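Student: Take this sequence and fold it.
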Amino acid sequence: MENRKDEKKQPILEIDRLIHEPSRFLILSLLYVLENAEFLFLLRQTGMAQGNLSSHLKRLEEGGYIDVTKEFVGKKPRTLLALNERGRKAFKQYVLEMKKIFDGLHAEINK
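Tutor: Sure, this is the predicted structure:
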């Protein structure tokens, strides 16, 4: 019986924790549908504080999921963020894994 419980928990234990954190999931969801986004756009869309957003973006960049480009437009700095190929692949995989987990829960509930 305990072995069966471990099998049910296994998929959730294997999900990508970097993506699973709600704020990072929100950021990646936005970047998934956009070619790129400015920092200020993400700040408004997520409702996060500037430092909090910066922290999550740093983790995603260090994880190899996003590319950060800093440039100047005139004299104003601009930070562009984009989901790179590795991040896009990881996000798709995460969504598929979560779908499997929810499908399994749905099957258990409807027994």
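Student: C-alpha only now, for contacts and for neighbours.
Tutor: Fine.
Student: What distance do you get for residue 51 to residue 39?
Tutor: In this view, residue 51 and residue 39 are 11 Å apart by C-alpha to C-alpha, to the nearest Å.
Student: ok, these two, which is more surrounded?
Tutor: residue 39 (19 against 10; other C-alpha atoms under 10 Å).
Student: I'd assumed residue 79 was in contact with that one.
Tutor: Yes: Residue 39 lies in contact with residue 79 (C-alpha atoms under 8 Å); the separation is 5.5 Å.
Student: Next, report how far the helix ranked longest in the chain is displaced from the centre of its chain.
Tutor: When the chain is parsed with DSSP state H, its longest helix is helix 85-109. Between the centre of helix 85-109 and the centre of its chain there are 12 Å (C-alpha atoms, centre = their mean, to the nearest Å).
Student: Ok, stretch 31-38 next?
Tutor: 12 Å.
Student: cool, stretch 55-70 as well?
Tutor: Remark: stretch 55-70 is offset 11 Å from the chain centroid, using C-alpha atoms, centre = their mean.
Student: Strands of this protein, start to end?
Tutor: 37-38, 66-73, 76-83 (DSSP state E).
Student: and the shortest one, what does it pack onto?
Tutor: So the one you mean is strand 37-38. Strand 37-38 sits against strand 76-83, with contacts defined as 3 or more C-alpha pairs under 8 Å, 6 or more residues apart in numbering; DSSP states H and E.
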